[in-house]
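Student: Build me a model from this:
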Amino acid sequence: MRDYKASLYLNGASYVTSGANTGLSGDVPFTTSSWCFLRIASYTYNTIAKVGTAGAGTGIWLNALITAGLSTVADALLVGVVDKYSTLTVPLEKWFHMTLIYSGSQAFALYINGELALSTTFGGAVNLGNAPFVVGNSGGAYCFVNDACLWSRALTATEVYQMAKFGVVPTTNLIRRYPLDEGQGTVATDISATGDNGAITSGAWSLQSANKLAPVLRNLNTSVVINATSASMQSNSNTGITGTAAFSMTSWFQIFQVPTGYCWGLMLGTSGGLGHSVALGSYTSGKICVSLEGTGYVYSTAGILQVGRWQHFGMSVSAAGLVHLYLDGALVGQGSPGTFAVANGPFFFGNIGVGNTPIGGSVADSCLWSRELTANEFYQMHRFGITPTINLIRRYKLQEGSGTVAIDSSVTGDNGTITNGVWSPTAPMRRRIA
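Tutor: Numbering: from 1, shown residues only. Predicted coordinates:
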């Protein structure tokens, strides 16, 4: 049975490479499989496993393809020759098991969760090049993976079914098996008889795995309602973020109406000069927007804030001034609004005094970091409530339920002041998810 303690997140430039070549060459049978959890991302081609080399007809890849309409299929690629797509779809944001069986003489089959999804031939000559076994792809894959396996034979349909449904992994001719549940480091342990440990490049470890999802740790029970005119929260001390320093800020929001112009939610710095303050909010139709005072804007190109729904949105800024916008854990926009010259000031939300309407709605768990967060950290925050603590310099969970003091639970301990806010018993995801 499966008992994975963690999983490896492939972040678009991540991969695992076996230490030695597999010994598979020519037109020989093999099977590869893996547990996967696909992210909704802009990159549509998620390479899960690669057998062989990169020349035409010398490699076979197992992929999961996300189309523009967010339908998903399994895909077998004979490199440089042809793609073949499954008739069954694979799920998004859910663990599933995927298997590719190559039987030789161009014949192969794809299985999803133990069920046959495609059985056909490539229609082109196969001549595998002897090369390392690769999980992921430096050219793009956005997914969590567990238990990537390679056999030097074609598995039977019964073996694939038992593996997907009961976690029974066949050991006959199993030549690589990377559970990918170490949870730390850059070594992927091979627990097959081969013992050929792999090297992990640019991967990130996750608490969730194929046999369990990490629990949601938010445990939020209240929020503060801010109107579109006078309500706000402000840190009592300046943040210390100035000039072109990198930073990130996030919050949970539940808006009450669709914005018809610029509506601001979070702000950093002090208004009064070009680039002195930064505001994160929304624009007409619910687009996410960042304003750098007097210099420019960055808008989301996908995803909108929706009325009555709790959503997690945030932004990161690099030291070079590149802004990334995130909504519900996904990257939805990026760009440079101009030259940052942030003036040392408080951290705000609500009526932040920049000459435009604040967002009207409920707010919870507003955070500020003095560094640029990674895409995976934004995703983990939204999906599992795992808030990064490194360089977390303000965190107002807004769980007091009464009064005008917003407790800062970061190491800074800079409690904020709530003005004209109303406490609410609603909060994002009060229930826990298994």
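Student: The most centrally placed residue in the chain: what secondary structure?
Tutor: What sits nearest the mean C-alpha location of the chain, by C-alpha atoms, centre = their mean, is residue 379, with 4.0 Å. Of the three states, residue 379 takes helix under DSSP: H, G, I helix; E, B strand; the rest coil.
Student: again, but for residue 164
Tutor: Using three-state DSSP, the secondary structure recorded for residue 164 is helix.
Student: which regions of the stretch 201-350 of the chain sit below the pLDDT cut-off?
Tutor: Applying pLDDT under 70 to the stretch 201-350 of the chain flags residues 212-219, 227-229.
Student: Pretty sure residue 295 sits against residue 342.
Tutor: No - judged on C-beta atoms under 8 Å, residue 295 makes no contact with residue 342 at a distance of 11.6 Å. Every residue, glycine included, has its C-beta placed from N, CA and C.
Student: Mind checking which of these two has more residues around it?
Tutor: Using other C-beta atoms under 10 Å, the more surrounded residue of residue 295 and residue 342 is residue 342, with 22 against 15.
Student: Bridged to that one, which residues?
Tutor: Applying DSSP bridges to residue 342 gives these bridge partners: residue 243.
Student: quick one: strands adjacent to the strand or helix carrying residue 265?
Tutor: Using DSSP states H and E, residue 265 maps to strand 263-269. Sheet partners assigned to strand 263-269 using DSSP bridges are listed as strand 277-283 (antiparallel), strand 347-350 (antiparallel), strand 357-358 (parallel).
Student: State the three-state secondary structure for the residue nearest to residue 316 when sequence neighbours are not counted.
Tutor: Spatial nearest neighbour of residue 316, chain neighbours left out: residue 248 (4.1 Å); criterion: C-beta to C-beta, 6 or more residues apart in numbering. Following three-state DSSP, the label given to residue 248 is strand.
Student: I figured residue 79 hits residue 58, correct?
Tutor: Yes - counting by C-beta under 8 Å, residue 79 touches residue 58, with 6.5 Å between them.
Student: Distance check, residue 177 against residue 203.
Tutor: 17 Å (C-beta to C-beta, to the nearest Å).
Student: list the contacts for residue 122?
Tutor: 76, 78, 81-82, 84, 106, 108 (C-beta atoms under 8 Å, 6 or more residues apart in numbering).
Student: In the stretch 51-200 of the chain, where is pLDDT below threshold?
Tutor: 67-71, 139.
Student: which stretches of it form helices?
Tutor: Remark: helices assigned in the stretch 51-200 of the chain by DSSP state H, counting those that start in this stretch are 157-166.
Student: Start from the N-terminal end of it and give the strands.
Tutor: Secondary structure of the stretch 51-200 of the chain by DSSP state E, counting those that start in this stretch: the strands cover 59-66, 72-78, 82-89, 95-104, 107-112, 115-121, 132-136, 142-151, 174-178, 187-188, 198-201.
Student: Go ahead and name everything in contact with the shortest one.
Tutor: Just to be clear, that refers to strand 187-188. With C-beta under 8 Å, 6+ apart, strand 187-188 has contacts from 8, 16, 135, 178, 180, 182, 197-200.
Student: Any chance of the residues you listed in CSV with distance to residue 99 and neighbour count as columns?
Tutor: What follows is these, written out as CSV (distance: C-beta to C-beta, whole Å; neighbours: other C-beta atoms under 10 Å):
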residue, distance to residue 99, neighbour count
8, 19, 28
16, 18, 26
135, 14, 30
178, 15, 28
180, 16, 29
182, 23, 16
197, 23, 16
198, 19, 24
199, 24, 13
200, 22, 22
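Student: nearest to residue 23, of those?
Tutor: Lowest distance from residue 23 to the contacts of strand 187-188 (C-beta to C-beta) belongs to residue 198, with 15.4 Å.
Student: what's across from that closest one in the sheet?
Tutor: Assigned bridge partners for residue 198, using DSSP bridges, are residue 18, residue 188.
Student: do residue 32 as well
Tutor: Beta-bridge partners, per DSSP bridges, of residue 32: residue 100, residue 150.
Student: Now the buried members of the contacts of residue 122.
Tutor: 76, 78, 81, 84, 106, 108 (16 or more other C-beta atoms under 10 Å).
Student: re the thing from before, please name whichever of the strands of the stretch 51-200 of the chain is nearest to residue 28.
Tutor: Closest among the strands of the stretch 51-200 of the chain, using C-beta to C-beta: strand 95-104, at 6.5 Å.
Student: Now that closest one: buried residues?
Tutor: Within strand 95-104, the residues that count as buried by 16+ other C-beta under 10 Å are 95-103.
Student: Dump these into TSV; add distance to residue 346 as well.
Tutor: Formatted as TSV, the buried residues of strand 95-104 follow (distance: C-beta to C-beta, whole Å):
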residue	distance to residue 346
95	43
96	46
97	50
98	49
99	55
100	55
101	60
102	61
103	66
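Student: Closest to residue 338 out of the residues you listed?
Tutor: residue 95 (42.5 Å).
Student: so how far is residue 317 from that closest one?
Tutor: 33 Å.
Student: Over to residue 92?
Tutor: 29 Å.
Student: who's more crowded, the two?
Tutor: Neighbour count, other C-beta under 10 Å: between residue 92 and residue 317, residue 317 has more, with 27 against 17.
Student: mind listing what the residue nearest to residue 316 touches?
Tutor: 314-317, 368-369, 371-373.
Student: Tabulate the contacts of strand 187-188 (CSV), appending distance to residue 349.
Tutor: Shown next, in CSV, are the contacts of strand 187-188 (distance: C-beta to C-beta, whole Å):
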residue, distance to residue 349
8, 35
16, 41
135, 42
178, 44
180, 39
182, 39
197, 48
198, 45
199, 44
200, 38
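Student: thinking again about what came up before, now list the buried members of the contacts of residue 248.
Tutor: 314-317, 368-369, 371-373.
Student: The nearest residue to residue 225 once chain neighbours are set aside: neighbouring residues, count only.
Tutor: In space, residue 225 comes closest to residue 422 once its chain neighbours are excluded; the distance is 4.4 Å by C-beta to C-beta, 6+ apart. For residue 422, the tally of surrounding residues (other C-beta under 10 Å) stands at 12.
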